[in-house]
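1. Quick one: sequence and predicted model below, then my questions.
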Amino acid sequence: MSHASRRASELALDETTVTVLRAALKTTADEVVQAIIDEVPPYANALSGRMGATIRRSVRTALGHYLDLASGNATGGDAGDAAYELGRGEVRDGRSMDALLSAYRVGARVAWRCLAAGAVPAGLPAADVAKFAELTFAYIDELSAASAAGHADELAARGRDHERHLEHLARDLLAGASTDVLLASVLRAGWQPPVSLTAVLLPAAQARPAYRMLDPNTLVLDDLPDLTGVLLVPDADRSHLLRQLTDRTAVVGPARPWTRASASYGRAVRARSLSSDIRDTEGHLPELVLSADADAFADLRARALAPLRALPVTTARRLEETLREWLLHQGRRDEVAAALFVHPQTVRYRMSQLRELFPDLASPQRVLELTLAVGLGPREASRGAGSESAVRLDWTRRVDAGEH
């Protein structure tokens, strides 16, 4: 039994008093509504016109249920259900629970004054007046609690819906959906598109904690395959973002227009597949470019470095390293020697061998192909090709066969 029901069982107004009070319900409801309009600012314009008429009927209904309760003829349950729906409706109308509770307080005060003014002349014993007051405020408390529950449930439901729409938007962005699809997702999610988005990959368990440190407009998913999470950070200050993620295992993609967030995500995924040491993809663009088409890169290396195949593996590796430094240092022999920790005369000797193997070494096209082929260095090149390149496989077979 509710608190109001217990109070009602102690009071049980007689029929004469109830009849008098029912006759004053319309006037009481009007005074309650007017007091709320006057004293609770959020309702100043909300209770006029059709809405005002609806609220007046609701107040009269609540007061009628209250009198049924006071006379021992009802439980007040219907009024509680209506109060619950009222709380939900306040969320839809954009009002806080504080505003509704203020309205209840004002309504309770005015209703008690009006009802007491009718009950006392109707002959309500003085001993019952206090019980009547207690019942009035207990009833209002129960209506307030029902409305608060409705308000909270509606907020929670809307929060879940909003979260679901944001996740759907994030998935559309990662999938590279069309602009029309993205705009529809944005509208459903109530999300304000930024100029750019930056994708951040990190372990799923770190996604939500990292998200809480970032711009509240950030989109987050923490249920991608391989226990991966992703953040889509709006208009990020890159250096600041990297500092924020210092203690996390994150890979930060490039900033891209928000409709092309999938490009940022794709680059971060490729960077992570290259090395677990990459954090900022912008610092590893050569590796990312050369690994963009692993088969093409393997074919390029196999063709460009074909003259080295006939050599013993150690000789071929040594000459490839020399060729790489010679190309990167633009033929400056002393710098090449310093990079290789050898004497400049050794560099000269090795370059003589390379010129014999590559007669067109001065050709711009040959320089371009060789620069790309050896640009990552032997170890990075084989990793960047996805599997071992054709040249590296050939050298490995030679080592396995015992060639020197």
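-> Nice, thanks for sending it over.

2. Give me the below-cutoff pLDDT ranges for the protein.
-> Filtered on pLDDT under 70, the chain yields the residue ranges 1-14, 46-54, 72-78, 120, 122-127, 159, 376-404.

3. quick one: the longest helix belonging to it to chain centroid distance?
-> Across the chain, the longest stretch assigned as helix under DSSP state H is helix 126-174. Helix 126-174 sits 25 Å away from the centroid of its parent chain (Cα atoms, centre = their mean, to the nearest Å).

4. which residues are contacting the very next helix or strand once past that helix?
-> Later in the chain than helix 126-174, the nearest helix or strand by DSSP states H and E is helix 179-189. Here helix 179-189 makes contact (Cβ atoms under 8 Å, 6 or more residues apart in numbering) with 162, 165, 166, 168, 169, 172, 173, 177, 193, 259. For every residue, glycine as well, the C-beta is placed using N, CA and C.

5. Could you check how far the closest residue to the second one other than its chain neighbours is from residue 169?
-> Nearest-residue entry for residue 165: residue 189, 3.8 Å, with adjacent residues in sequence omitted and distances by Cβ to Cβ, 6 or more residues apart in numbering. Residue 189 sits 5 Å away from residue 169 when distances are taken as Cβ to Cβ, to the nearest Å.

6. out of those two, which sits in the more crowded spot?
-> Neighbour totals were compared for residue 189 and residue 169, and residue 169 leads with 24 against 20 (other Cβ atoms under 10 Å).

7. Tell me how far the more buried one lies from residue 267.
-> Distance of residue 169 to residue 267, given as Cβ to Cβ: 20 Å.

8. Same check on residue 282?
-> Look at residue 282 and residue 267: by Cβ to Cβ, they are 9 Å apart.

9. what is in contact with the two at once?
-> Counting by Cβ under 8 Å, 6+ apart, the shared contacts of residue 282 and residue 267 are residue 254.

10. Those two: which has the busier surroundings?
-> A direct count of neighbours by other Cβ under 10 Å for residue 282 and residue 267 places residue 267 higher, at 23 against 14.

11. which ones are touching the more buried one?
-> Counting by Cβ under 8 Å, 6+ apart, residue 267 has contacts 199, 253, 254, 281, 288.

12. now those residues: which count as buried?
-> Among the contacts of residue 267, those scoring as buried are 199, 253, 254, 281, 288 (criterion: 16 or more other Cβ atoms under 10 Å).

13. Just those residues: which are in helices?
-> Judged by DSSP H, the buried ones among the contacts of residue 267 include residue 288 as members of helices.

14. Export the buried ones among the contacts of residue 267 as TSV, with columns for distance to residue 68.
-> Formatted as TSV, the buried ones among the contacts of residue 267 follow (distance: Cβ to Cβ, whole Å):
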residue	distance to residue 68
199	61
253	65
254	68
281	70
288	75
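
15. closest to residue 96 among the buried ones among the contacts of residue 267?
-> residue 199 (36.1 Å; Cβ to Cβ).

16. The closest one reaches residue 228, doesn't it?
-> No - Residue 199 is beyond contact range of residue 228, at 11.3 Å (criterion: Cβ atoms under 8 Å).

17. Now do the strands in the stretch 251-400 of the chain.
-> Ranges of strands within the stretch 251-400 of the chain are 251-257, based on DSSP state E, counting those that start in this stretch.

18. List the buried residues in stretch 269-284.
-> 269, 270, 271, 272, 274, 278, 279, 280, 281, 284.

19. List the residues that contact the residue nearest to the fourth one when sequence neighbours are not counted.
-> Counting by Cβ to Cβ, 6+ apart, residue 272 lies nearest to residue 251, which is 4.8 Å off, once chain neighbours are set aside. Applying Cβ under 8 Å, 6+ apart, one finds that residue 251 lies in contact with 200, 201, 202, 268, 271, 272, 278, 279, 281.

20. could you dump the residues you listed to JSON lines with distance to residue 114?
-> Listed next are the contacts of residue 251 as JSON lines, based on distance: Cβ to Cβ, whole Å:
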{"residue": "200", "distance to residue 114": "61"}
{"residue": "201", "distance to residue 114": "65"}
{"residue": "202", "distance to residue 114": "62"}
{"residue": "268", "distance to residue 114": "67"}
{"residue": "271", "distance to residue 114": "72"}
{"residue": "272", "distance to residue 114": "71"}
{"residue": "278", "distance to residue 114": "74"}
{"residue": "279", "distance to residue 114": "70"}
{"residue": "281", "distance to residue 114": "71"}
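
21. Tell me which two of those sit farthest apart.
-> 202 and 281 (13.5 Å).

22. Need phi/psi at residue 221.
-> phi -130, psi 140 (degrees, to the nearest 10).

23. Tally up the residues packed near it, please.
-> Look at residue 221: counted by other Cβ under 10 Å, it has 19 neighbours.

24. Now stretch 362-375 - C-alpha only, PDB.
-> Output in PDB follows, covering the C-alpha atoms of stretch 362-375 (Å, rounded to 0.1, in the frame of the first residue of the first chain):
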ATOM      1  CA  ALA A 362      72.300   7.400 -64.800                       C
ATOM      2  CA  SER A 363      69.000   7.100 -66.600                       C
ATOM      3  CA  PRO A 364      66.200   9.100 -64.800                       C
ATOM      4  CA  GLN A 365      63.800   6.200 -65.200                       C
ATOM      5  CA  ARG A 366      66.300   3.700 -63.800                       C
ATOM      6  CA  VAL A 367      67.000   6.000 -60.900                       C
ATOM      7  CA  LEU A 368      63.300   6.400 -60.200                       C
ATOM      8  CA  GLU A 369      62.700   2.600 -60.200                       C
ATOM      9  CA  LEU A 370      65.700   1.800 -58.100                       C
ATOM     10  CA  THR A 371      64.900   4.500 -55.600                       C
ATOM     11  CA  LEU A 372      61.500   3.100 -55.100                       C
ATOM     12  CA  ALA A 373      62.800  -0.500 -55.100                       C
ATOM     13  CA  VAL A 374      65.400   0.100 -52.300                       C
ATOM     14  CA  GLY A 375      63.800   3.200 -50.700                       C
END
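
25. Cool, thanks, talk later.
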